[in-house]
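[1] Everything below, folded, please.
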Amino acid sequence: MGKIKTYNPKEVTMALGSHIVSGYSDDTFVVIDPNGDGITKRVGCDGEIVRSISPDDTFVIKITVLQTSDSNSFLQNKFNQDQKTGDGMFPVLIKDLRGGMVFSSDAGWAVKPSSRQFSKESQNREWEIHTGAGILNE
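    The predicted model follows:
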């Protein structure tokens, strides 16, 4: 008989420095994308193949939270601090507590403030974080 596994979004935790992200959006709330090209290949006219391994091990992380999330203030304050002093970086840890994916980087920073939308209903806010060297495990 096959294994049955369970995913629970409440058991995905994100720490940005000492701040624990809360108020996740009701849809996709984190996207982790590598910046580098991974492993590319080039084929010569005689068919010889060379592979190139990208040295870029940085990542782009998009975090989407509710309009009322305390994480908006944390990220805005870090962005402001970075603009003023250059000291707005923080370590990043994202983990599925049920034993799945783990991402970590010693350095992350908010690229720019999230867009602000106001309407009849509460809106989500998306933050883009760039990282230094990161490690992504499954």
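[2] which SSE is the one residue sitting closest to the centre of the chain in?
    Centroid-nearest residue in the chain, with Cα atoms, centre = their mean: Ile61, separated by 2.3 Å. Here Ile61, judged by DSSP states H and E, is contained in strand 59-66.
[3] Counting by contacts, list what that strand packs against.
    strand 30-34, helix 70-85, strand 102-110, strand 124-131 (3 or more Cβ pairs under 8 Å, 6 or more residues apart in numbering; DSSP states H and E). For the C-beta atoms, the positions are set from N, CA and C on the backbone; glycine is no exception.
[4] looking at those, which is closest to Pro91?
    strand 102-110 (5.3 Å; Cβ to Cβ).
[5] partner strands of the closest one, parallel or antiparallel?
    Here strand 102-110 is paired, per DSSP bridges, with strand 90-96 (antiparallel), strand 124-131 (antiparallel), strand 134-137 (antiparallel).
[6] Outside of the shortest one itself, which residues are in contact with it?
    Residues outside strand 134-137 that contact it (Cβ atoms under 8 Å, 6 or more residues apart in numbering): Ile32, Pro34, Asp57, Thr58, Phe59, Val92, Met101, Val102, Phe103, Ser104, Ser105.
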